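# Sequence first, predicted coordinates after that:
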Amino acid sequence: MKSLKYSLILMLMITFMGCEKSFEELEVDSNRPVSVPASLVLQSVQYDMYNNTGRAFSAEMRWNQFYCSNYNYYATNEYQWSEMPNHFFSLKNVIKMEEEARKAGLEAVNPYSAVAKFYKAFLYDQMTKRVGDLPLSEGLQGITVLNPKYDTQKQVYIQILKWLEESNADLSSLITKGNQTLTGDIYYGGDLKKWQKAVNVFHLRMLIQLSKKEADADLAVKSKFAAIISNPVKYPLISSLGESLQFISNQYNKFPSNPDNFGFDATRQNMSRAYIERLTERNDPRVMVTCEPAGSQLKAGKLPSDFSSYVGASSGEDLADMSSKAGTSNGADFAPGQYSFQNRKRYYTNYVGEPTFLVGYPEMCFNIAEGLHRNWASGSASQWYENGIKASMDFYGIKNGSNTMTYSRNGSKEASDARTFNIDFNLNDYLAQANVKYEAGNAGLEKILTQKYLAFFMNSGMEAYFNWRRTGYPTFYTGVGTGNSGRIALRWIYPLSERTTNSANYKTAIDAQFAGKDDINDLIWLLK
């Protein structure tokens, strides 16, 4: 019996010893996955591109001076931002997506690796143009490099341009091989041909963004622009609105302005002077699609078809004054206020709203026009300029002939309060106006940038602001309402965590760029 007892104990000991696991194995939660398909990681990255870079009627759109907040409790119009949006979390997901694709047996060059280079370029651009230098060559190394050094902004853009060139080449190779599917893609349904076009159009954005550095031989902005424009076989481009890289809202992922939040923000968000003035001084019917006539103007006897009925507030106006003017009662038969509000029918009667461009066809047209205007390549700047205007008009459904417009009689979203009117439009007449017709010199550049600004309305994140910051066009308004001593801020500050977790490299970067100050009013390399 003793022998049997000892044998059983020995067997149990061997069994338990055989079941011993390492600390890493014990740490794994069997109820939580440690690996997911690349297609699922892809969707997370793609949604972040839309959701965290500036949705319609977001704070970013106030800083673009498309609309104003007139209700201090929820928001102001001040340029008092602090930390940059941190996209390093999404960049880690991009790397994870590449890893999962390889784990699944895909070749080194595969659809996920090809678009990953675009996502890296897109997300790094979103950050560097807000702050300046960034950790890149030593960034995203995990525990291998806990304190990554900062690369200069020039080095960051050299890498961004390299990623985009490689992404185009990889996509071209995959398409030639017949591997044209990107599973999980919410934008193009996996069509790599469309992705290749979007990559090249974004490449044009980057080159235009570097316009102040056109003489820098390391960047070779002009020759790269000319190469893309002159070789559509190697660098195919978007050819219509429908091919734009865009987010389509639905009843689950709702357009930011929708029936559910009408009571929350409809009267707390009036339109801005910077946007409305650029439209009304050009007799531009887009103002009647996106905005409502001001109630006080209609009460005074003006018609909704009169462009002077549309009035925007200066972003620099004192918020208390703006709130008072926006809430003025005009009686039961007229919408309240002295300012125009967003169009009730377009933005508050459904959940879909309108497509939100991340990289849009109209912008591409204006970027090509600007590059040609700057003599970076041969071609007709005038034609591309007019193509951009026509594309934007098409986006809003404006056609030659009679166009039916809708507004709310008293500012509600109810169909019974909707009123319609007709306005005639002729594109050729519009293009022939003195303040629209293309011309050489600075006046022509201002026209290109003004029309690009109008086409950016409620899309493409803060590209409208970044174009203004680069060129000074179109006019942005300042004053007590914009805060920051009546100035528009020129950059963001670095994440506060950098001061404690990567302090030495952070200090070196701040000293090199801004003489030791991490200030929102300093100029980054991109603007010098």
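Arrived safely, thanks for sending.
# residues of stretch 106-126 that come out buried?
Neighbour-count burial for stretch 106-126, with 16 or more other CB atoms under 10 Å as criterion, is recorded at 106, 109-126. No exception for glycine: its C-beta is placed from N, CA and C like everyone else's.
# repeat for stretch 154-171
Here stretch 154-171 shows 154-161, 163-168, 170-171 as buried, counting by 16+ other CB under 10 Å.
# all helices for the stretch 351-500 of the chain, in order.
Using DSSP state H, counting those that start in this stretch, the helices found in the stretch 351-500 of the chain span residues 361-373, 381-395, 427-432, 441-455, 463-471, 498-501.
# Out of those, which one sits most buried?
Stretch with highest mean neighbour count among the helices of the stretch 351-500 of the chain: helix 361-373 (a mean of 26; mean count of other CB atoms under 10 Å).
# still on that earlier bit, ok, so of the buried residues of stretch 154-171, who is nearest residue 80?
Relative to residue 80, the closest of the buried residues of stretch 154-171 is residue 156; by CB to CB it sits at 25.9 Å.
# Against residue 204, how distant is the closest one?
Look at residue 156 and residue 204: by CB to CB, to the nearest Å, they are 18 Å apart.
# And residue 302, by the same measure?
42 Å.
# Equivalent analysis for residue 323, please.
In terms of CB to CB, residue 323 sits 41 Å off from residue 204.
# Looking at those two, which one has more neighbours?
residue 204 (24 against 18; other CB atoms under 10 Å).
# Just say helix, strand or coil for that one.
Put simply, residue 204 is helix when judged by DSSP: H, G, I helix; E, B strand; the rest coil.
# in the stretch 51-200 of the chain, which spans are strands?
67-69 (DSSP state E, counting those that start in this stretch).
# low pLDDT regions in it?
Within the stretch 51-200 of the chain, the set of residues satisfying pLDDT under 70 is empty.
# Recalculate using a threshold of 90.
For the stretch 51-200 of the chain, the stretches flagged by pLDDT under 90 are 73-74, 81, 141-146, 179-181.
# ditto for the chain
1-36, 73-74, 81, 141-146, 179-181.
# how about a cut-off of 70?
Checking the chain against pLDDT under 70 turns up 1-34.
# Quick check: end-to-end length of stretch 354-362?
One end of stretch 354-362 sits 15 Å from the other (CA to CA, to the nearest Å).
# Which of the buried residues of stretch 154-171 sits closest to residue 442?
Taking the buried residues of stretch 154-171 together and measuring to residue 442 by CB to CB, the closest member is residue 157, at 25.4 Å.
# give me every residue that touches the closest one.
128, 206, 210, 219, 526 (CB atoms under 8 Å, 6 or more residues apart in numbering).
# Just the buried residues of stretch 106-126: which are in helices?
Among those, the ones falling in helices (DSSP state H) are 111-126.
# The stretch 1-150 of the chain: helices as residue ranges?
2-18, 23-27, 38-51, 59-63, 88-103, 111-131.
# Report the buried residues of the fifth one.
Residues of helix 88-103 classed as buried by neighbour count (16+ other CB under 10 Å): 90-91, 93-98, 100-101.
# which helices and strands does that helix pack with?
Contacts defined by 3 or more CB pairs under 8 Å, 6 or more residues apart in numbering; DSSP states H and E place helix 88-103 against helix 38-51, helix 111-131.
# So which of those helices is nearest residue 393?
helix 38-51 (24.3 Å).
# Buried residues, that closest one. List them.
Neighbour-count burial for helix 38-51, counted by 16+ other CB under 10 Å, picks out 38-39, 41-42, 44-46, 48-50.
# same question, stretch 208-226
Quick answer for stretch 208-226 (16+ other CB under 10 Å): 208-211, 213-214, 219-222, 224-226.
# do the same with stretch 258-265
258, 262, 265.
# Distance check, the residue positioned nearest the centre of the chain against residue 60.
The centroid of the chain falls nearest to residue 461 when counting by CA atoms, centre = their mean (2.4 Å). Relative to residue 60, residue 461 is positioned 6 Å away (CB to CB).
# One more: residue 218?
Distance from residue 218 to residue 60, counting by CB to CB: 31 Å.
# likewise residue 378?
36 Å.
# Show me which of those two is the more surrounded one.
residue 60 (21 against 9).
# mind listing what the more buried one touches?
If you count contacts by CB under 8 Å, 6+ apart, residue 60 has them with 53-54, 461-462, 465.
# For residue 466, which non-adjacent residue is closest in space?
Excluding the flanking residues, the one nearest residue 466 by CB to CB, 6 or more residues apart in numbering is residue 129, at 6.2 Å.
# Please tabulate the helices of the stretch 1-150 of the chain in a markdown table, including the columns distance to residue 506.
As requested, these are exported to a markdown table (distance: least, CB to CB, whole Å):
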| stretch | distance to residue 506 |
| --- | --- |
| helix 2-18 | 49 |
| helix 23-27 | 32 |
| helix 38-51 | 24 |
| helix 59-63 | 25 |
| helix 88-103 | 14 |
| helix 111-131 | 11 |
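# Residue 488: which of those is closest?
Going by CB to CB, the one of those nearest residue 488 is helix 59-63, 8.2 Å.
# what distance separates the closest one from the middle of the whole chain?
In terms of CA atoms, centre = their mean, to the nearest Å, the centre of helix 59-63 is found 11 Å from the chain centre.
# And the residue nearest to residue 466, how close does it get to residue 465?
Residue 129 sits 10 Å away from residue 465, going by CB to CB.
# Equivalent analysis for residue 174, please.
Relative to residue 465, residue 174 is positioned 35 Å away (criterion: CB to CB).
# coming back round to it: max pairwise distance over the contacts of residue 60: which two?
Farthest apart among those by CB to CB are 53 and 465. That separation is 12.0 Å.
# Is residue 53 in contact with residue 90, as I believe?
No. When contacts are counted by CB atoms under 8 Å, residue 53 is not listed as touching residue 90 (10.2 Å).
# quick one on the thing from earlier: and of the contacts of residue 157, the nearest to residue 500?
Of the contacts of residue 157, the one sitting nearest to residue 500 (CB to CB) turns out to be residue 128, at 21.7 Å.
# Name all residues that make contact with the closest residue to the closest one other than its chain neighbours.
In this structure, residue 128 finds its nearest non-sequential neighbour in residue 156, 4.7 Å apart by CB to CB, 6+ apart. Contact partners of residue 156, counting by CB under 8 Å, 6+ apart, are 124, 128, 133-134, 136.
# if we can go back for a sec, separation between the residue nearest to the centre of the chain and residue 94?
Per CB to CB, residue 461 is found 18 Å from residue 94.
# try residue 367
Taken as CB to CB, the span from residue 367 to residue 94 is 25 Å.
# do residue 281 as well
Distance, residue 281 to residue 94, using CB to CB: 44 Å.
# for residue 250, same thing?
Applying CB to CB to residue 250 and residue 94 gives a distance of 25 Å.
# could you pull out the strands for the stretch 201-350 of the chain?
Assigned by DSSP E, counting those that start in this stretch, the strands in the stretch 201-350 of the chain fall at 245-247, 269-271.
# Distance to residue 143 added to the helices and strands packed on helix 88-103, as CSV?
Below are the helices and strands packed on helix 88-103 laid out as CSV (distance: least, CB to CB, whole Å):
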stretch, distance to residue 143
helix 38-51, 20
helix 111-131, 21
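# Relative to residue 478, which of those is closest?
Of those, nearest to residue 478 by CB to CB is helix 111-131, at 19.7 Å.
# Now do the contacts for residue 270.
Counting by CB under 8 Å, 6+ apart, residue 270 touches 67-68, 70, 312-313, 322, 326, 337, 339-341.
# For stretch 338-346, list the C-alpha coordinates in PDB.
Coordinates of each C-alpha in stretch 338-346 appear next as PDB, following Å, rounded to 0.1, in the frame of the first residue of the first chain:
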ATOM      1  CA  GLN A 338     -29.600  88.000 -38.000                       C
ATOM      2  CA  TYR A 339     -27.400  85.200 -39.400                       C
ATOM      3  CA  SER A 340     -27.900  82.300 -41.800                       C
ATOM      4  CA  PHE A 341     -27.900  78.700 -40.400                       C
ATOM      5  CA  GLN A 342     -27.100  75.500 -42.100                       C
ATOM      6  CA  ASN A 343     -29.800  74.300 -44.500                       C
ATOM      7  CA  ARG A 344     -32.400  72.400 -42.700                       C
ATOM      8  CA  LYS A 345     -33.400  70.200 -45.500                       C
ATOM      9  CA  ARG A 346     -29.900  69.100 -46.500                       C
END
